[in-house]
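# could you work out the structure for the sequence below:
(chains A and B)
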Amino acid sequence: MSLIEIQQLHLKIDDNPILSDINLSFTKGDYLCLLGPNGAGKSTLIKTLIGLYPINSGEILLQGKPLNHYSPKHRAQQISYVPQVHTHVLQHKVVDFIRMSRYPWRHSLSSWTPADQQAIDHAFALTHTANFADRPMQELSGGETQRIMITAALAQQSQVLLLDEPCSFLDPRYQTEIHNLIYQLNQQHGISIIEASHDINHAAVHSQHILALKQGQENWQGKSAHFLTPDRLANLYDQNFVLSTHPTTGATIALTAA
Amino acid sequence: MQKSQLTLSLLVIASLLILFITPQLGLQLDDDSQRRVLLDIRLPRVLFAFIAGAGLALCGMVFQTLFHNPLATPFTLGVASGASLGAALYVAAGISFSLFGIAGGTLAAFIGALFAITIVYSLSRLRRQFEPNTLLLIGVALSFFFSSLILFSQYLSNITDSFRIIRWLMGSLTIIGYHDIFQLLPFVALVTATIIWAAPELNLLTTGDEIALSRGVNVTKLHFLLFFITSLCVGAIVALCGPIGFVGMMVPHICRLLIGNDHHTLTPATLLFGGSFLVLCDTVARLILAPTELPVGIISTLLGGPFFLWLLIRKK
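Next comes the predicted model:
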């Protein structure tokens, strides 16, 4: 059974159609990349899955049950989220921020349990950030902040991790670091991932499936290994691409044609 | 002991000292009649000021957290003006009633507050990406609008009612006996209990609405609940004491600097600090021109205006 099943999803915000006729079947352990130009609806699709936008028609099923039948806490036990670069000034110590991720598993008056502690220790270990624990959030660099955002989402112990362009505005070193981290989480730890991205080469190499959106509609969907062709990219982005081979990894890569 | 617990303990001691000393100021306690003054006038007034100050500060804290803005409080967003309008209309209408033991003025103020917060909240939701300053401008516009309606209702009422409205708009804690305390206490207690219960959710909201939502907080439901309960409390305070400005902005902000943003410790700190602060303001208002008493709202606003400007400039 699919973990997330989207059927004929239509969504409007302030009467503007943002998503139309989206269909998707996402299985456990999959790594799906959402690609497409700015304003294609990638972020909206992700935010719909965390319950920010009500859907107009169609259906989103989470483990066979409609998403809007889940209570927010119950949904958060299944789906966690890493935002685009965060604009809020967070005045928390890293460890306090991570501890808050245990919210969906806790009752309002219950005390901190060994299971809670184990979950955050495990999350710190997966992202190698335990040494950040006592630092204030506002002192972290952009790349460090994103690693902590991923750690926090992992501490939530959900089945699916949603990431909304986690690498935009990061420098190449941190981009590579975050890409590799996400890939590892999927490959070695079996975490199911849906990531919105603008990095087509990263998507083609690391993800298993790609859903390409354009103007709120599906432009292409399939296995990532079949994604990179000049025609498809030109059609998706209205920009010409050429394909080449990476000199060291041997992977096919797309470069924008001048 | 953690730093926040130490700060909290010091606040408890300071609050107890203030509650003990301020009622006695200027009284000779070996005189029987003066002792009566202490028990029948001073003590209830100080307790009343403490409860009102605590309520104002807690409501301010909730607004700051919900709107992610240190300048957003029931006063800056026009909710207190809405409550004032409700109460002023009640006085001007010359009617008098009560429901379930709650005075009609309180109910009218509560309806006004609820009306104002509904307008602010709907406008702030109209567009997704909302500039924080736009929110404050909505509040300013709303305050002006309600103020002119208050002036209008005052113009239409007779001299006595008109004077009552003016004096009350200055914010005053002049009460006699314990009756008014029991009119106020349930509302402040309700706000306090709700905030303590919702502390984990409020903490998550400080990380932004989207993250809070993704962690499983029912953000919309929480907004409605907290706006309803704070409107109730602001309505009750405004009806009984008039609009006492800026306590709700200064106190929680200072407490955040002192003790951090964890609502588990921030809530008791804000409650104690807010209560003590208004007691001190009222004591100053009572003594500065003795035997004439200044309305306490004048003192708190005199302190609050410069503080507001400091906050605005500091943010840049």
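# what pLDDT is listed against residue B:261?
For residue B:261, the pLDDT comes out at 86.
# what's the separation between it and chain A?
Separation of residue B:261 from chain A (CB to the nearest CB, to the nearest Å): 5 Å. All C-beta spots, glycine's among them, are computed from the backbone N, C-alpha and C.
# neighbours of the residue of the stretch 151-258 of chain A found nearest chain B, just the number please.
Closest to chain B within the stretch 151-258 of chain A is residue A:156: 6.7 Å, counting by CB to the nearest CB. A total of 26 residues lie near residue A:156 under the criterion other CB atoms under 10 Å in any protein chain shown.
# angles on the backbone of the closest residue to it other than its chain neighbours, please.
Closest residue to residue A:156 apart from its sequence neighbours, by CB to CB, 6 or more residues apart in numbering or on different chains: residue A:80 at 4.1 Å. Backbone torsions of residue A:80, given as degrees, to the nearest 10, read phi -120, psi 170.
# would you confirm that residue A:80 contacts residue B:213?
No - counting by CB atoms under 8 Å, residue A:80 stays clear of residue B:213, with 11.3 Å between them.
# let me see the contact set for the residue nearest to residue A:156.
Neighbouring residues of residue A:80 by CB atoms under 8 Å, 6 or more residues apart in numbering or on different chains: A:101, A:153, A:154, A:156, A:158, A:160, A:161, A:162, B:214, B:215.
# could you do residue B:79 as well?
By CB under 8 Å, 6+ apart, the contact set of residue B:79 is B:113, B:116, B:117, B:120, B:230, B:231, B:234.
# the last one - how many residues pack around it?
By that I understand residue B:234. Using other CB under 10 Å, residue B:234 is surrounded by 33 other residues.
# outside of stretch B:137-148 itself, list whatever touches it.
B:72, B:76-78, B:81-82, B:84-85, B:112, B:116, B:119-120, B:123-124.
# try 6 Å this time
Stretch B:137-148 is contacted by residues B:76, B:77, B:78, B:81, B:82, B:85, B:120, B:123 when judged by CB atoms under 6 Å, 6 or more residues apart in numbering or on different chains.
# quick check: buried residues in it?
Of all the residues in stretch B:137-148, those buried under the rule 16 or more other CB atoms under 10 Å in any protein chain shown are B:138, B:139, B:142, B:143, B:145, B:146, B:147.
# so which of the residues you listed are in helices?
Assigned to helices by DSSP state H, the following of these qualify: B:138, B:139, B:142, B:143, B:145, B:146, B:147.
# which among the residues you listed gets closest to residue B:254?
Nearest to residue B:254, judged by CB to CB, of these is residue B:139 at 21.2 Å.
# tell me the secondary structure at the closest residue to chain A within chain B.
Nearest to chain A, among the residues of chain B, is residue B:216, at 3.0 Å (CB to the nearest CB). Of the three states, residue B:216 takes coil under DSSP: H, G, I helix; E, B strand; the rest coil.
# got the phi and psi for it?
For residue B:216, the backbone dihedrals are phi 110, psi 10 (criterion: degrees, to the nearest 10).
# now the closest residue to it other than its chain neighbours: which helix or strand?
Distances taken as CB to CB, 6+ apart put residue A:76 closest to residue B:216, at 3.0 Å, once the chain neighbours are dropped. Secondary-structure assignment from DSSP states H and E places residue A:76 in helix A:72-78.
# any buried residues in that helix, and which?
The neighbour-count check on helix A:72-78 (16+ other CB under 10 Å) flags A:72, A:73, A:75, A:76, A:77, A:78 as buried.
# keep only the contacts of residue B:79 that also lie close to chain A.
Taking CB under 6 Å from any CB of the partner chain as the test, chain A is in contact with none of the contacts of residue B:79.
# adding pLDDT and secondary structure, write those out as TSV.
Shown next, in TSV, are those (pLDDT from 0 to 100; DSSP: H, G, I helix; E, B strand; the rest coil):
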residue	pLDDT	secondary structure
B:113	87	helix
B:116	89	helix
B:117	86	helix
B:120	83	helix
B:230	89	helix
B:231	85	helix
B:234	88	helix
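# redo these as TSV? Include distance to residue B:173.
TSV is the format used below for the contacts of residue B:79 (distance: CB to CB, whole Å):
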residue	distance to residue B:173
B:113	19
B:116	23
B:117	24
B:120	27
B:230	20
B:231	21
B:234	16
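# pLDDT at the residue of chain A found nearest chain B, what is it?
Relative to chain B, the nearest point of chain A is residue A:76 (3.0 Å; CB to the nearest CB). Per-residue pLDDT puts residue A:76 at 95.
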